[in-house]
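**Q** Structure for this input, please:
(chains A and B)
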Amino acid sequence: MASETQVVNHKPEAGVSPSDTMVINIGPQHPATHGVLRVRLELDGERVVRAEPVIGYLHTGFEKSAETMTYQQCNTLTDRLDYLAPMTNNLAYVLAVEKLMGIEVPKRAQYIRVMFAELTRIASHLVWLGTHLMDMGAMSPFFYMLREREVILDLIEAASGVRMNPSYFRVGGIAYDLPEGFMNKLGDFLKDFPRWMKMYRNLFEDNPLISERLKGINVLSQEGCLAHSVTGPMLRGSGLALDLRRSAPYSSYEEFEFEVPTRSEGDSFARLWVRVDEMYQSAKILEQCLDKITPQGVYMTSDGKVALPPRDQIYGDMEALIHQFKLVTAGFPVPAGEVYQGVEGPRGEMGFYLVCDGGPRPYRWRARTPSFYNLQTLPVMCEDGLVADVIVAIGSVDIVLGDVDK
Amino acid sequence: MILQIAILVVKILLLVGILLGGFAYLSLVERRLLGFFQLRLGPNRVGPEGLLQPIADAIKMMLKEDLMPLGADPWVFRMAPVIAGFAALSVDAVIPFGAPIHLFGQTITLDIANPDIGLLIAFALSSLGVYGLVLGGWASQNKYSLLGGIRATAQIISYELAMGLSVMGVLLMAHTANLEGIVLAQRAHGWFWLPQILPFLIYTTTAIAETNRTPFDLPEAESELVAGYHTEYSGMRFALFYVAEYINVITQCGLIVTLFFGGWLGPSFLPPIIWYFIKVGIGVFVFIWIRATLPRFRYDKLMSFGWKVLLPAAFVYFLGTAAFVSGVL
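**A** Numbering: from 1, shown residues only, chains lettered A, B, ... in the order given. All right, here's what the predicted structure looks like:
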């Protein structure tokens, strides 16, 4: 039988004057902070007087590590920033390098990039929707949404070989061509998509418990959003239809037809619907990808300075072998200069700012990660709310701690 | 006299055995059912179909280190799970789980006690259970637990009145507060759930709140308060809170069955006691189903829901029933 032991716990210190408010830490180890976020809450009863996010528990030093890696190797770091949307991170990074080098990417590769960017958007929003509902106490939806996300991950795995950190995009194109029958699989996925979205909407659409928890909760004004550099669905939930895919098109987004869903309320409910509507728009873009992407074709630039030589040449051709060896071991030089490229990730503007000194490694590698900026609004959203609303607010920011702490 | 005491002791042991066994297997059934609702398997490794899982859990719980925070109030901290467990177990003493049987020339009623105010006693005892939560949360010297305890208090004052009012109609129709009498009255007048449909729904809602389960699991609220009132508990004390929760589910389903679905009554091809447990089982299934489906209330919304919706509705229906029973209508 176990015996009773006593553990030293935070005993109230003598001499500390009692105040009306209570300070409580949500996190860094807490079931609803989606990682290692810590929120320092000052409570009056259950009313929040002050909420202050404390970050840095997942600091990985990616920006510094990148300075010791070749441009191609840095790509793998981008996967691990926002691990729920690796493809859009890849995209922002390779676009930045390509911009500085002036590389023209073949159209087909651009469409394939768009396709995977939209697939990850749906996958990321699915995980967000599931965890958001779970934070509100509905346990089951999370499992359903992970099931559907798995279908998308299977597609990503079919193309890139891995589920989570694909590093599929390369400077100049994509790593490998699409496998045989990929577009059919995508077609099947798109056929199922409306059916299971209908199923999920049944779970929360007319549910009074959900709308009571979300409507008018954690309101953010458009001005507040802009003052905090908020982007993505949070900004669009506050009424400003700013979407980089539309306002600063990249990777041939201008050739696709889609709408930018917006809502004017600025509350958690608006953000929920912006994201749900976005999933439909992503599916619409994917439908167009079905027509645009030919099963066979070029997927990498012909520029020999960045593209690896074809496999069959390496075994017979001395030059190609040397080329391959140099590209893999030493990397390719990028002309000196500075560049910024942002893309519309699932959470907002995902951008990379690179300072290059002409060598094969970046001099400065800076990631503009959306969660970091979006999380700043937490104190504004939580003020005067209840503890339960703090959890909803964290969920509705849709943070990924890898994205916040870098 | 000796025989009667012996029969009573046997009945008590039997009931406690049924309840504790029911708790053990209910925890397994719940996890398996949640597994099915959530596209996973649930525990199926220990024994065939996971049937030995509760035993493994019990062994684990007993061998766990029993921790107590240094700042905790030792007596209250130790008492809280006992109060919760006691309150949960004792309510069942007054709920009849079968028709009287004849054995050894004696008529044995299938309940521990059969007081005339059985319903009141059941309510009083089940209300005691919340003290376990409040005191446990308070004594733990943990802020999450404290918030859990406060929420438990806020919750109980918002639903208990509606709960009490919703069964008044049943009392009026049965002309008795004796639970066996209520069952027998349903043999004469038909089951009460249909004429008392609104009170039945109100009672079911408040019963979920009484058992602290989703959507009313505010004192526990895993995603908000980690585990709320029992954050600091470990080992058997923690298990006792679980025992209390699951037995409360069985008890509340038993009360719902007794008050609205004719208790042990049913077609004669099965013995009454089997009918009773079938009905309770269906009730428990619905509880688990609700848990798998619904999100959690916010506690201020629960309070306004209790005071502004449930209470007036129960009161109006009670007045209507009173008018009907007394012949005014």
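**Q** what ranges of the chain fall below the confidence cut-off?
**A** Just so you know, I chose chain A. A:1-19 (pLDDT under 70).
**Q** My question was about chain B, not that one.
**A** For chain B (pLDDT under 70), the answer is B:104-105, B:221-223, B:329.
**Q** centroid residue for it?
**A** B:Asn248 (2.6 Å; Cα atoms, centre = their mean).
**Q** Tell me the spacing between the spatially closest residue to that one that is not a sequence neighbour and chain A.
**A** Of all residues not flanking B:Asn248 in the chain, B:Thr211 sits nearest, at 4.4 Å (Cβ to Cβ, 6 or more residues apart in numbering or on different chains). Just so you know, the C-beta spots here come from the backbone N, C-alpha and C atoms, and that holds for glycine as well. For B:Thr211, the distance to chain A (Cβ to the nearest Cβ, to the nearest Å) stands at 15 Å.
**Q** Contacts only, for B:Thr211.
**A** B:245, B:248-249, B:252, B:287 (Cβ atoms under 8 Å, 6 or more residues apart in numbering or on different chains).
**Q** so of these, which ones are in helices?
**A** Among the contacts of B:Thr211, DSSP state H puts B:245, B:248-249, B:252, B:287 in helices.
**Q** ok, of these, which one's closest to chain A?
**A** Comparing those against chain A with Cβ to the nearest Cβ places B:Phe287 closest, at 14.1 Å.
**Q** The nearest residue to the closest one once chain neighbours are set aside and B:Ile288, how far apart?
**A** With Cβ to Cβ, 6+ apart as the criterion, B:Phe287 has its nearest non-adjacent residue at 5.5 Å, and that residue is B:Val249. Note on B:Val249: its distance to B:Ile288, by Cβ to Cβ, to the nearest Å, is 9 Å.
**Q** Between the two, which is the more surrounded one?
**A** Remark: of B:Val249 and B:Ile288, B:Val249 carries more neighbours, 27 against 21, as counted by other Cβ atoms under 10 Å in any protein chain shown.
**Q** Verify the stated contact: the more buried one with B:Phe285.
**A** No - with contact defined as Cβ atoms under 8 Å, B:Val249 does not reach B:Phe285; the gap is 10.6 Å.
**Q** Show me the beta-bridge partners of the closest residue to chain A within the stretch 51-200 of chain B.
**A** Relative to chain A, the nearest point of the stretch 51-200 of chain B is B:Pro69 (3.8 Å; Cβ to the nearest Cβ). Counting by DSSP bridges, B:Pro69 is bridged to A:Val7.
**Q** Go ahead and confirm it touches B:Tyr233.
**A** No - with contact defined as Cβ under 8 Å, B:Pro69 does not reach B:Tyr233; the gap is 10.0 Å.
**Q** Please name the residues that touch A:Val127.
**A** A:84, A:145-146, A:149.
**Q** at 10 Å instead, please
**A** Contacts for A:Val127 (Cβ atoms under 10 Å, 6 or more residues apart in numbering or on different chains) come out as A:34, A:84-85, A:142, A:145-146, A:149, A:346, A:398, A:400.
**Q** Helix or strand: which one has the closest residue to chain B within the stretch 301-406 of chain A?
**A** The nearest approach of the stretch 301-406 of chain A to chain B comes at A:Ala388, 4.6 Å away (Cβ to the nearest Cβ). Here A:Ala388, judged by DSSP states H and E, is contained in helix A:387-397.
**Q** The residue of the stretch 51-200 of chain A found nearest chain B: neighbour count?
**A** Of all residues in the stretch 51-200 of chain A, A:Gly137 sits closest to chain B, at 2.8 Å by Cβ to the nearest Cβ. Using other Cβ under 10 Å, A:Gly137 has 26 other residues around it.
**Q** same check, this time on the one 3 residues further on
**A** A:Ser140 is flanked by 19 other residues according to other Cβ under 10 Å.
**Q** hang on, isn't it packed against B:Leu34?
**A** Yes - at 8.0 Å, A:Ser140 counts as touching B:Leu34 under the criterion of Cβ atoms under 10 Å.
**Q** any shared contact partners between the two?
**A** B:291-292.
**Q** and residue 94, what does it touch?
**A** No chain was given, so I picked chain A. A:71-72, A:74-75, A:78, A:103, A:105, A:113, A:167-174, A:251, A:306, A:341, A:352.
**Q** try chain B instead
**A** If a contact means Cβ under 10 Å, 6+ apart, then B:Val94 has B:111-115, B:117-122, B:125, B:178-180, B:255, B:258 as its contacts.
**Q** Give me the neighbour count for the residue of the stretch 51-200 of chain B closest to chain A.
**A** 22.
**Q** Can you report how many residues neighbour the residue of the stretch 201-329 of chain B found nearest chain A?
**A** Here the stretch 201-329 of chain B gets closest to chain A at one residue, B:Arg296, 2.8 Å apart by Cβ to the nearest Cβ. The local packing of B:Arg296 (other Cβ under 10 Å) involves 26 other residues.
**Q** coming back round to it: quick check: the gap between the residue nearest to B:Asn248 and B:Phe36.
**A** Taking Cβ to Cβ, one finds B:Thr211 at 21 Å from B:Phe36.
**Q** hang on, the earlier thing: from memory the residue nearest to the centre of chain B sits against B:Glu210, does it?
**A** Yes - assessed by Cβ under 10 Å, B:Asn248 is found in contact with B:Glu210 at 6.7 Å.
**Q** No more questions from me, cheers.
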